[in-house]
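**Student:** Any chance you could fold what I've pasted below:
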Amino acid sequence: MQNKIALSRNVIYAGIGFAAGVCLAGSASVIFSPAKTTDPKSSAQTFTSYVSPASVTESPGYSGTETTSDKEAKFFGALRDTNDMRRTTVMYEAVSMMTLEEIPGLIAKIRNMSGETREMLMPVALARWAQFDPKAAGDYLVTLQDRNGRDKAMRYVVAAWVEKDPAGAKQWMLALPAGYHRNNAIQGFIGSLAKRSPEDALAFIKTLPPGTRVDNAYDTVFSQLAMTDGFGAAKMALELPKNGNRDAAIRAAIGRWSQANPVDAFAFAKDMEQANLRRDAMQNVLGTWASTDPAGARSAVLALPEGDLRNGGIRTLIENLAGRDFEGAKGLLAELPAGEQRSRAERTLVETLSYTNPDAAGEYLLTLPEGEHRQGMARTVTSMMARQDLNGAIAWAEKLTGEEQRSAFGGIAQVWGQQDPKAALDYYAKKELMSEDGVMLSSVLRNWAYSDPQEALAWTRTMADGKIKDRAISNVISAMADNDPKKAAGLIASLPIDSQDDAAGSLVARWGNRDPAAAGDWTAHLPESEAKTKASRNMIEILAGRDVVSATKWLGKLSAGNARDAAVGEFARQVTDKDPEGAAAWAATINDNDQRDNSLDRIIRHWNRSNPTGALNFISSSPSVSPALKAKYLPKQ
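**Tutor:** Numbering: from 1, shown residues only. The predicted structure is shown next:
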């Protein structure tokens, strides 16, 4: 006989799709009723061996899966539906009709699918098994090495077990070895038990050893308690020991209580003694109250005495109303005095209006006082304007002046750069709106270089000499390095002298991570120059982070000079924590006196903290330590 789906009111489709019903953090309920079988327990032994967790070969998806029944065909076919709710409903309809004998074949097929598909389907199949025999399902689950779907399935299996036998679920869970499976099972157990008896769930939490991960357990339990007794749950939460769990319990109790009775919840929050908890609880209530009864929430806030609590409440109301009643939210601004709360509320209004009506947001922004506060919001407004009307956004930004105009064009840059990078770069260069680390160079120019490196590089050559040009060329070379590093390397020598060092450094930073041997060989054979110095420093940073021995061999290829000194100094800095003695020995080979002293000074300071005797022995015996450093660290005679 086919069974109908029994949709639970407390379902969470964790990672499977649309959440049908009320979602409760950390819990899951099985949403299908078990089909009848002749003897479910007699099949449990053969089931475990049949779906042993041997390694499987992943297929790219499910489209080629061979099905052995109409139920399987319906189950896998649901994955092709792009509608989350319909897909989930059909999937559960199909699996709810399967018998225990049909589950092994289903799991075997799921195990041969892609990781993403296993993540979606494995919890459903294991949850169905758990309805017949939760212990067998749980025992099998903990043998799986593949995490796709396994971790979510634990909550489903435990949920099914708690519905049948809470004591048995608890005994099995506590017998698991300490570690991830046990912690995951505890989370699922608490969440499921809380729906049956939040008092029992809380009592269980209190029996756990200190340090046991309980994550959202207090949220789940006190949210359930507040469903039937908001005042009692909030009062109980306040009586917990003062720590993060207490704070979570208070938030959950007040939050759920405010959904049913915001007036009483707000009154309770106002009377809390601890200032930070009182503020947070009041804002928690107002966030819910404003969405269901904005007039009531407004009256309650405005009735508060003047001060931080009232101002914070008004700002919370503005944040919640801005997207639904802009004029009403704006009207509340008059209740706020000048200061941080008012500034934050104004920003919320501008940002919210920018998403729905950027032109109106721009008009409103210009009514606010000029200054840094307004400058930051101009960027947000033009970013949204440009997506709807690029020319209009440019025209609006051109009316501004100074830093406010620069900020506004910062919001336009990304959109314009995607549409026409050359026109955008020409404009920004002409208006002197670019900076070394701004969006135009770091994003727009770089993206252009990925798609058309020759045109991007040619454009940079037309720029006025200076640091911005150097950085622009460096960014283009860096982008080219991802596709053709040898070609990018060949261009370094043709660049203006002042641009070569940044370009070489950027090239090696990208190339060295992909092909350290080739990048290292190119760097080592560069002529002595600032370009070689910067490239060598970046190269040794990459090598030292991978393999210290290879790094020292590469240093041996460098001839004496500034580049070697820079590379050795960087290497010593990288290895000081692990081997201060070795770092000091390398730093002692630096030719430049000042660089050598600076490097040794830093190493000795660190070495002194871990092994002062070894540091003093090195200082006193090494001829490379200058008299100034000896006088600084050695005891006076």
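
**Student:** any idea how far whatever helix or strand residue 269 lives in is from the chain center?
**Tutor:** Secondary structure assignment for residue 269, by DSSP states H and E: helix 262-270. With Cα atoms, centre = their mean, to the nearest Å as the basis, helix 262-270 stands 34 Å off its chain's centre.

**Student:** For the residue nearest to residue 148 when sequence neighbours are not counted, give me its contacts.
**Tutor:** Distance criterion Cβ to Cβ, 6 or more residues apart in numbering; nearest residue to residue 148, sequence neighbours excluded, is residue 118 at 3.9 Å. (Each C-beta comes from the backbone N, C-alpha and C, glycine too.) Each residue near residue 118 by Cβ atoms under 8 Å, 6 or more residues apart in numbering is listed here: 110, 111, 146, 148, 149.

**Student:** Distance-wise, check residue 305 relative to residue 283.
**Tutor:** Residue 305 sits 17 Å away from residue 283, going by Cβ to Cβ, to the nearest Å.

**Student:** now swap in residue 111 and tell me
**Tutor:** Relative to residue 283, residue 111 is positioned 47 Å away (Cβ to Cβ).

**Student:** Can you pick out the residue with more neighbours from the two?
**Tutor:** Looking at residue 111 and residue 283 with other Cβ atoms under 10 Å, you find the greater number of neighbours at residue 111, namely 22 against 19.

**Student:** helix/strand/coil for residue 113?
**Tutor:** coil (DSSP: H, G, I helix; E, B strand; the rest coil).

**Student:** which ones are touching residue 175?
**Tutor:** Applying Cβ under 8 Å, 6+ apart, no residues contact residue 175.

**Student:** And it, how close does it get to residue 155?
**Tutor:** 18 Å.

**Student:** Hmm, residue 244 and residue 214 touching each other?
**Tutor:** No. Using Cβ atoms under 8 Å, residue 214 makes no contact with residue 244, being 10.2 Å away.

**Student:** higher neighbour count, those two?
**Tutor:** Using other Cβ under 10 Å as the criterion, residue 214 and residue 244 rank with residue 214 on top: 18 against 8.

**Student:** Provide the secondary structure category for that one.
**Tutor:** Three-state call for residue 214 (three-state DSSP): coil.

**Student:** Give me the buried subset of the contacts of residue 118.
**Tutor:** Among the contacts of residue 118, those scoring as buried are 110, 111, 148, 149 (criterion: 16 or more other Cβ atoms under 10 Å).

**Student:** Show me those that map onto helices.
**Tutor:** Of the positions in the buried ones among the contacts of residue 118, 110, 111 sit in helices, assigned by DSSP state H.

**Student:** Point out where the stretch 351-500 of the chain drops to low pLDDT.
**Tutor:** Flagging of the stretch 351-500 of the chain using pLDDT under 70 yields the residue ranges 437.

**Student:** which residue ranges form the helices in it?
**Tutor:** Taking DSSP state H, counting those that start in this stretch, the helices of the stretch 351-500 of the chain run over residues 358-365, 372-388, 390-398, 402-419, 421-430, 439, 446-451, 453-461, 467-483, 485-492, 497-514.

**Student:** Just the residues contacting the fourth one, thanks.
**Tutor:** By Cβ under 8 Å, 6+ apart, the list of residues contacting helix 402-419 from outside reads 370, 372, 374-376, 378-387, 390, 393-394, 396-398, 400, 423-425, 427-428, 431, 433, 438-440, 443-444, 447-448.

**Student:** do the same with stretch 157-166
**Tutor:** Counting by Cβ under 8 Å, 6+ apart, 27-30, 126-127, 129-131, 134-135, 137-138, 141, 168-169, 172-173, 185, 188-189, 191-193, 196, 200 sit against stretch 157-166.

**Student:** so how far is that stretch off the chain centroid?
**Tutor:** For stretch 157-166, the separation from the chain centroid amounts to 33 Å (computed by Cα atoms, centre = their mean).

**Student:** next one: stretch 521-531
**Tutor:** The answer for stretch 521-531 is 39 Å, by Cα atoms, centre = their mean.

**Student:** And the average pLDDT for it is what?
**Tutor:** pLDDT averaged over stretch 521-531 equals 94, rounded to a whole number.

**Student:** same check, this time on stretch 254-268
**Tutor:** Stretch 254-268 comes out with an average pLDDT of 95.

**Student:** cool, stretch 171-191 as well?
**Tutor:** Stretch 171-191 carries an average pLDDT of 89.

**Student:** Residue 359 is in contact with residue 385, isn't it?
**Tutor:** Yes. The pair residue 359 / residue 385 is scored as a contact, 7.0 Å apart, by Cβ under 8 Å.

**Student:** Now the common contact residues for these two.
**Tutor:** Residues touching both residue 359 and residue 385 (Cβ under 8 Å, 6+ apart) are residue 392.

**Student:** Between these two, which is the more surrounded one?
**Tutor:** For residue 359 versus residue 385, neighbours defined as other Cβ under 10 Å are more numerous around residue 385 (26 against 17).

**Student:** show me what contacts the spatially closest residue to that one that is not a sequence neighbour?
**Tutor:** Nearest non-adjacent residue to residue 385, counting by Cβ to Cβ, 6+ apart: residue 393, 3.7 Å away. For residue 393, the contacting residues are 358, 382, 385, 386, 411, 412, 415, by Cβ under 8 Å, 6+ apart.

**Student:** do you know how far residue 393 is from residue 424?
**Tutor:** On the measure of Cβ to Cβ, residue 393 and residue 424 end up 12 Å apart.

**Student:** cool, and residue 124?
**Tutor:** Counting by Cβ to Cβ, the gap from residue 124 to residue 424 is 49 Å.

**Student:** And residue 207, by the same measure?
**Tutor:** Here residue 207 is placed at a distance of 63 Å from residue 424 (Cβ to Cβ).

**Student:** Tell me which of those two has more neighbours.
**Tutor:** Using other Cβ under 10 Å, the more surrounded residue of residue 207 and residue 424 is residue 424, with 25 against 8.

**Student:** if I read this right, the more buried one contacts residue 444, doesn't it?
**Tutor:** Yes. Here residue 424 lies in contact with residue 444, judged by Cβ under 8 Å, at a distance of 6.0 Å.

**Student:** coming back round to it: list buried members of the contacts of stretch 157-166 by neighbour count.
**Tutor:** Buried subset of those (neighbour count, 16+ other Cβ under 10 Å): 27-30, 126-127, 129-131, 134-135, 137-138, 141, 169, 172-173, 185, 188-189, 191-193.

**Student:** just checking, which of these belong to helices?
**Tutor:** The helices, defined by DSSP H, take in 126-127, 129-131, 134-135, 137-138, 141, 169, 172-173, 185, 188-189, 191-193 from the buried ones among the contacts of stretch 157-166.

**Student:** Can you check what pLDDT the model gives the residue nearest to residue 121 when sequence neighbours are not counted?
**Tutor:** Once flanking residues are discounted, residue 121 sits nearest to residue 110: 4.8 Å by Cβ to Cβ, 6+ apart. We have a pLDDT of 90 for residue 110.

**Student:** now residue 110: how far from residue 144?
**Tutor:** From residue 110 to residue 144 the distance is 11 Å (Cβ to Cβ).

**Student:** low-confidence ranges in the stretch 501-637 of the chain?
**Tutor:** Short version for the stretch 501-637 of the chain, where the test is pLDDT under 70: 637.

**Student:** residue ranges for the strands of it, please.
**Tutor:** Per DSSP state E, counting those that start in this stretch, the stretch 501-637 of the chain carries no strands over any range.

**Student:** quick one, helices of it?
**Tutor:** 516-524, 530-546, 548-555, 562-575, 580-587, 593-610, 612-621, 627-633.
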